[in-house]
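J.: Just to be clear, the model below is a prediction. Sequence and coordinates:
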Amino acid sequence: MHKKLLFLILIVLSFQTDVIGQQNSTYIKAGLLYDSKNNTLLKNKLIQIKGTKIISVDEFESLPRDASAIDLTEYTVLPGLIDAHTHVLFSQDADKDFAEHSVQSLTMEHDGLRVLRGAKRAESYLYNGITSIKDLGNSGLYLDVALRDAINEGTTTGPRIFASGPILAAQGGQIYGVQPEHQKIIDLEYRIIKSPEDGKNAVREHVNQNVDLIKICADNIPNRTYLSVEEMKSIVQTAHTYNLTVTAHCVTNQSAWNAIEAGVDGIEHGFNLADTTLTKMAEKDIYLVPTENSRTYMDLFTELAGYEANELDWVDGYIKRNNVRLARARKKGVEIVAGSDNYTNINTTRGQSSKDMYRYYFEAGMKPLDILQSSTYLSATRLNKENRIGVIAPDAYADIIAVKGDLTKDFINTMENVVFVMKDGAIYVDTTE
């Protein structure tokens, strides 16, 4: 009798535990699900979420009895997108000079105001389906780290931020024209490297401030200064001992070659990369973040910048060169990671402006699913977070979005039509009703 009673009690407790587990879970029914690791679309998948994490990805039939699900059967469900090149603490009007605006920002914009403005820009990424960003300097003295921490603790709303802290650069950084007696202003925005040993110290300073990665300027164009190969090697080797990756801003081919020789993990921009440099990048598994813009963006930018109709001959050449360079990089086997670098104010939100990168990559010849993989799984891999973000898989964070339309036949319009955004299991956008 006692054994039967104990057996019944165990059954009841088991049933209650199962019911409680169901109640604590959120389920999403995805009509199409983008498998970013395998770069393919899957039909009719059920995603189980508990708290901030994904528990399982299964078939519709696995939905527990009496459990309800968020119905996204009419949409394509994607991992939260990643923009791998942002500057949320910096903004510039199209008709302003970069150096003059930088000096003005550093001397006339309070850090508190700068962070609040940056928080507003960061939030706009999230509401556009970009749930993670790699923020690469031009952010004062670790204001990007502070904003990251504020978002992580729930003080403000925004995407996951992977923050680099101040860019490590040669004398002058990218702020050109500053007179000798005012060079200390530059120290508020860049960490100026004066020797290989100083490069080690700079990395240690960044580690002490809890950055997520290191960014260097291999060149400072239009300033004529470069970091030496020895300085960059010192930075890379020290960063790697702390398990931090190093990515390098490069405009010239020579600076990219030098950065590759120094052992960097990635190249940002790389506007003028030669075939030999691309070959070396592929051999060393160094990724490229192309940060160009579409024709639509360039037309708006040149209008806001005040160009006259007879001053636009350079735009066609700019677009053609960048498209050819991207094609050459992909042909050589260089891994492409999606990043926008859109810090210019073009009269829309920063997150919306950032999504122009999808239009650029598409117009330059990349296929829709390849673009998506570059802005999800591949990007996450280069952050050493491929099991946590950029994927819809067990144990990953519940960063999930949905778009309306046909990705393969109408990519640009579909990517613009984000109807659902979840980050960490919390829903921020839902216009599916």
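T.: Yep, that arrived.
J.: Just name the shakiest helix or strand of the chain by mean pLDDT.
T.: Here the helix or strand of the chain ranked lowest by mean pLDDT, DSSP states H and E is helix 2-24, holding a mean of 50.
J.: Verify the contact between Trp177 and Ala99 for me.
T.: Check again: residue 177 is Gly, not Trp. Yes: taking contacts as Cβ atoms under 8 Å, Gly177 lies within contact range of Ala99: 5.3 Å. Heads up, the C-betas are built off the backbone N, CA and C, glycines and all.
J.: ok, those two, which is more surrounded?
T.: Taking neighbours as other Cβ atoms under 10 Å, Gly177 and Ala99 compare with Ala99 leading, 18 against 11.
J.: Now the one helix or strand that one maps to: buried residues?
T.: Per DSSP states H and E, Ala99 falls inside helix 98-108. Within helix 98-108, the residues scored as buried using 16 or more other Cβ atoms under 10 Å are Phe98, Ala99, Ser102, Val103, Ser105, Leu106.
J.: Walk me through the regions of the stretch 1-150 of the chain where pLDDT falls short of the threshold, as ranges.
T.: The stretch 1-150 of the chain contains residues with pLDDT under 70 at 1-23.
J.: In it, what residue spans correspond to strands?
T.: Along the stretch 1-150 of the chain, the segments classed as strands by DSSP state E, counting those that start in this stretch run 25-35, 40-50, 53-59, 70-79, 81-86, 92-93, 130-135.
J.: circling back to that earlier point, which one of the buried residues of helix 98-108 is nearest Ile55?
T.: For those, the residue nearest Ile55 by Cβ to Cβ is Ser105; the value is 44.6 Å.
J.: end to end, how far does stretch 244-263 reach?
T.: 13 Å (Cα to Cα, to the nearest Å).
J.: Same check on stretch 188-207?
T.: OK, stretch 188-207 end separation, Cα to Cα: 18 Å.
J.: Please compute how far it lies from its chain's middle.
T.: 24 Å (Cα atoms, centre = their mean, to the nearest Å).
J.: Quick check: buried residues in it?
T.: Residues 188-193, 196, 198-200, 202-203, 206-207 are the ones in stretch 188-207 that count as buried (16+ other Cβ under 10 Å).
J.: Make TSV out of those residues and add secondary structure.
T.: Formatted as TSV, the buried residues of stretch 188-207 follow (DSSP: H, G, I helix; E, B strand; the rest coil):
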residue	secondary structure
Leu188	helix
Glu189	coil
Tyr190	strand
Arg191	strand
Ile192	strand
Ile193	coil
Pro196	helix
Asp198	helix
Gly199	helix
Lys200	helix
Ala202	helix
Val203	helix
His206	helix
Val207	helix
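J.: Which two among the residues you listed are spaced furthest apart?
T.: Longest span within those, Cβ to Cβ: Leu188 and Pro196, 23.8 Å.
J.: measure Gly263 to Lys233 for me?
T.: According to Cβ to Cβ, to the nearest Å, Gly263 and Lys233 sit 6 Å apart.
J.: domain parsing for this protein?
T.: Listed domain ranges for the chain are 23-79+393-430, 81-354 (source: automatic domain parsing).
J.: Of all these, which one comes closest to Glu363?
T.: Among the domains of the chain, domain 81-354 sits nearest to Glu363 (Cβ to Cβ), with 5.6 Å.
J.: For Ser374, list the residues it contacts.
T.: Ser374 makes contacts with Ile336, Val337, Ala338, Tyr361, Met366, as judged by Cβ atoms under 8 Å, 6 or more residues apart in numbering.
J.: Leaving out the residues flanking it, which one is nearest to it?
T.: Closest residue to Ser374 apart from its sequence neighbours, by Cβ to Cβ, 6 or more residues apart in numbering: Ala338 at 4.3 Å.
J.: And for Leu312?
T.: Among residues not flanking Leu312 along the chain, Thr302 sits closest, at 5.9 Å (Cβ to Cβ, 6+ apart).
J.: Does that neighbour touch Val315 like I think?
T.: Yes: between Thr302 and Val315 a contact is recorded at 6.5 Å, counting by Cβ under 8 Å.
J.: nearest to Thr376, of the strands of the stretch 1-150 of the chain?
T.: Closest among the strands of the stretch 1-150 of the chain, using Cβ to Cβ: strand 70-79, at 4.7 Å.
J.: between the closest one and strand 40-50, how big is the angle?
T.: Orientation check (axes from the mean of the first three to the mean of the last three Cα atoms, to 10 degrees): strand 70-79 against strand 40-50 gives 120 degrees.
J.: Strand 70-79 to strand 25-35, inter-axis angle?
T.: Using the same axes, to 10 degrees, strand 70-79 lies at 50 degrees relative to strand 25-35.
J.: mind listing the strands in the stretch 301-433 of the chain by residue range?
T.: Here the stretch 301-433 of the chain has its strands, by DSSP E, counting those that start in this stretch, at 344-345, 400-403, 418-423, 426-430.
J.: Buried residues of the helix or strand that contains Leu300, list them for me.
T.: Applying DSSP H and E as the criterion places Leu300 in helix 295-305. For helix 295-305, the neighbour count (16+ other Cβ under 10 Å) marks Tyr297, Met298, Leu300, Phe301, Thr302 as buried.
J.: Pretty sure the second one sits against Trp314.
T.: No: the pair Met298 and Trp314 does not pass the contact test of Cβ under 8 Å, sitting 9.9 Å apart.
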